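Peer 1: here is my input; please provide its structure:
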Amino acid sequence: MMLLIILLLLLLALGAPIYIALALPALITLAINGVEPLVFAQRMFGGIDKFALMAIPLFIFAATLMGKGGMARRILVLADALVGRFYGGTAVGTVLSCLFFGALSGSSPATVVAVGGITYPMLVGNNYSKKFSMGLVTSASSLALLIPPSITMIVYASSTGTSVGQLFMAGVGPGIVLAIGFILYSVWYSYKYKIRITSEITGRQIWDAFKDASWALGVPVIILGGIYAGVFTPTESASVAATYAIMVGLVVYKELNLKTLYQTCISSALLTGQVMILCASAAVLSWMLSLAQAQLLFTNILEPFLGSPTMVLIIMIIILIIFGMFIDPTPFVLLLAPLFAPIANMIGLDLIHLGIIMVAGGAIGMYTPPFGLNLFVGMATYKEDFASVALSCIPFIVIGVIFLFVIAFAPEISLWLPNRLW
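Peer 2: Purely as a prediction, here's the structure:
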């Protein structure tokens, strides 16, 4: 097992692609132990041969369609119309836009591109500093991981055998709480620097924006409402959402055409391939760790603390924050969930609650240096260097860590909704 871990850390330090850093150590270890390479291929395929993962390509396709079909832009206009005239209005509108778009896409990097490309120039143009504007968009985009539909939640469910529907419901409360944290900081910042838009927005403008965005707002209603009402499964809801996005983009908003639809299929397929190779690579490494009895080792390390669930939870959170700095949420969840789940059962921690804690840790990792994916996507979106984007996120990392402890030690935030509706 030591060879496995050393190779993993070495490849990560050398900046190797994540899927290679995950899969290559497992392949080398198998070869050294004289195991047929065919076993490696079988385990990789087995890692993605799961029903719950079928929803991922469909949600990715639906999210891409929503961006290309004009839904995302209309959501941004509505958010700005609702809060733009208040202190911190543009910043608050940015957070709401990330919240809404996260409910459409389930992808944090996609939210940075879609929302940041529009709101970042607006923030800077309304006298917000570049540092604040970059930090806000980069961090608030991580709400996409918590607000359903969430690809990371689907991955966790497939890894632990928990319900995707319950995880989706459990993510609503924490997603709103984190959004409120970003909003409060934005309002405080605006008061401190006296930033306020003086132009008035009429009730007519708000109504027009709401009416124009109503078709886009129907997506989360279809997805969540259908799942909660038991009309269809999360996987079926993804296909319904994709079909709905095609119809709205082609017929209602008329911003999609057959050529764009074809290009969307291609880009969605490529993105799905990236996600699935990460899932497959993480699955084979997780299998190797289980063969090496990593779960038993992890349990033995935590054994002195098992009498104090609070201490165990704190250690888990610290591990999540550290791993999130270096690994994307998908492999992060696939690697750690099998280790954390048995410990959670020992200390009486609900697996749905554990899933939300892990997804929240992954969300913070998306904008935490040195390898937070949102940081690199932000560099391209804002045309700024890595150091500037990373430093801009520091206040929001603090907010995220505080939030992580709050949801970890206040399980009602996550479990109230699924306990009432499931």
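
Peer 1: Leu256 touches Lys68, doesn't it?
Peer 2: Yes. The criterion here is Cβ atoms under 8 Å, and Leu256 meets it with Lys68 at 6.2 Å. Bear in mind the C-beta positions are built from the backbone N, C-alpha and C, glycine included.

Peer 1: can you pull up the most central residue in the chain?
Peer 2: What sits nearest the mean C-alpha location of the chain, by Cα atoms, centre = their mean, is Leu145, with 2.2 Å.

Peer 1: give me the residue ranges of the stretch 251-400 of the chain where confidence is low.
Peer 2: Scanning the stretch 251-400 of the chain for pLDDT under 70 picks out 292-296.

Peer 1: mind listing what's buried in the host helix or strand of Ser290?
Peer 2: Per DSSP states H and E, Ser290 falls inside helix 258-291. Buried residues in helix 258-291, counted by 16 or more other Cβ atoms under 10 Å: 264, 268, 271-272, 275-289.

Peer 1: do stretch 132-143 as well
Peer 2: Using 16+ other Cβ under 10 Å as the test for burial, stretch 132-143 gives 132-143.

Peer 1: kindly report the same for stretch 333-350.
Peer 2: Applying a neighbour-count criterion of 16+ other Cβ under 10 Å, the buried positions in stretch 333-350 are 333-341, 343-344, 347, 349-350.

Peer 1: of the residues you listed, which is the nearest to Lys192?
Peer 2: Lys192 has its nearest neighbour among the buried residues of stretch 333-350 in Val333, at 37.2 Å by Cβ to Cβ.

Peer 1: just checking, the closest one touches Gly362?
Peer 2: Yes. Val333 lies in contact with Gly362 (Cβ under 8 Å); the separation is 6.4 Å.

Peer 1: which residues do the two both contact?
Peer 2: Residues within reach of Val333 and of Gly362 at once, by Cβ atoms under 8 Å, 6 or more residues apart in numbering, are Thr152.

Peer 1: show me the contacts for Ala31.
Peer 2: Counting by Cβ under 8 Å, 6+ apart, the residues that Ala31 touches are Pro37.

Peer 1: quick check: angle from the helix or strand that contains it to helix 258-291?
Peer 2: Using DSSP H and E, Ala31 sits within helix 18-32. For helix 18-32 against helix 258-291, the angle between stretch directions is 40 degrees (axes from the mean of the first three to the mean of the last three Cα atoms, to 10 degrees).

Peer 1: the following helix or strand past helix 18-32: which residues count as buried?
Peer 2: Downstream of helix 18-32, the first helix or strand assigned by DSSP H and E is helix 37-48. Within helix 37-48, the residues scored as buried using 16+ other Cβ under 10 Å are 40, 43-44, 47-48.

Peer 1: and the residues you listed, which two are furthest apart?
Peer 2: Within those, two members stand farthest from each other by Cβ to Cβ: Phe40 and Ile48, at 14.0 Å.

Peer 1: just the element for Ser190, please.
Peer 2: Counting by DSSP H and E, Ser190 is part of helix 164-192.

Peer 1: for the next helix or strand after that helix, the distance to its chain's centre please.
Peer 2: Downstream of helix 164-192, the next assigned helix or strand under DSSP H and E is helix 203-228. Computed by Cα atoms, centre = their mean, to the nearest Å, the chain-centroid distance of helix 203-228 equals 22 Å.

Peer 1: and helix 203-228 with helix 164-192, angle?
Peer 2: Going by the same axes, to 10 degrees, helix 203-228 makes 150 degrees with helix 164-192.

Peer 1: heading C-terminal from helix 203-228, find the next helix or strand.
Peer 2: Counting by DSSP H and E, what follows helix 203-228 is helix 234-247.

Peer 1: now do the buried residues in that following helix.
Peer 2: Going by 16+ other Cβ under 10 Å, helix 234-247 has these buried residues: 234-235, 237-242, 244-246.

Peer 1: so which elements touch that helix?
Peer 2: Where contact means 3 or more Cβ pairs under 8 Å, 6 or more residues apart in numbering; DSSP states H and E, helix 234-247 is packed against helix 55-68, helix 164-192, helix 203-228.

Peer 1: just the mean pLDDT for it, thanks.
Peer 2: Averaged over helix 234-247, pLDDT sits at 84.

Peer 1: just give me how far that helix sits from the chain centre.
Peer 2: Distance, centroid of helix 234-247 to centroid of chain: 19 Å (Cα atoms, centre = their mean).

Peer 1: check stretch 34-46 too.
Peer 2: Put simply, stretch 34-46 sits 30 Å off its chain's centre (Cα atoms, centre = their mean).

Peer 1: mind listing residues that contact it?
Peer 2: Identification of contacts with stretch 34-46 by Cβ under 8 Å, 6+ apart yields 23, 26-27, 30-31, 280-281, 283-284, 287.

Peer 1: can you tell me what sits against stretch 204-223?
Peer 2: Residues contacting stretch 204-223 (Cβ under 8 Å, 6+ apart): 62, 66, 71-72, 74-75, 77-78, 80-82, 100, 103-104, 148-149, 237-238, 240-241, 244-245, 248, 252-253.

Peer 1: let's see that with 6 Å instead.
Peer 2: With contact meaning Cβ atoms under 6 Å, 6 or more residues apart in numbering, stretch 204-223 is reached by 71, 74-75, 77-78, 81, 103-104, 149, 237, 240-241, 244, 248, 252.

Peer 1: is it correct that Val284 is in contact with Leu27?
Peer 2: No. Judged on Cβ atoms under 6 Å, Val284 makes no contact with Leu27 at a distance of 8.0 Å.

Peer 1: find residues that contact each of the two.
Peer 2: Common neighbours of Val284 and Leu27 are not found (criterion: Cβ under 6 Å, 6+ apart).

Peer 1: hmm, which two among the buried residues of stretch 333-350 are most spread apart?
Peer 2: Leu334 and Ile347 (21.8 Å).

Peer 1: sorry, back to before: was I right about the residue nearest to the centre of the chain contacting Ile364?
Peer 2: No. Counting by Cβ under 6 Å, Leu145 stays clear of Ile364, with 9.4 Å between them.

Peer 1: which residues do these two both contact?
Peer 2: With Cβ under 6 Å, 6+ apart, Leu145 and Ile364 have no common neighbours.

Peer 1: ok, back up a step: filter the contacts of stretch 204-223 down to the buried ones, ChimeraX style.
Peer 2: Buried subset of the contacts of stretch 204-223, written as a ChimeraX selection, criterion 16+ other Cβ under 10 Å:
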select :71,74,75,77,78,81,103,104,149,237,240,241,244,248
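
Peer 1: could you dump the buried residues of helix 234-247 to CSV with distance to Arg420?
Peer 2: Converted to CSV, these look like this (distance: Cβ to Cβ, whole Å):
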residue, distance to Arg420
Pro234, 19
Thr235, 24
Ser237, 20
Ala238, 24
Ser239, 27
Val240, 24
Ala241, 24
Ala242, 29
Tyr244, 27
Ala245, 29
Ile246, 33
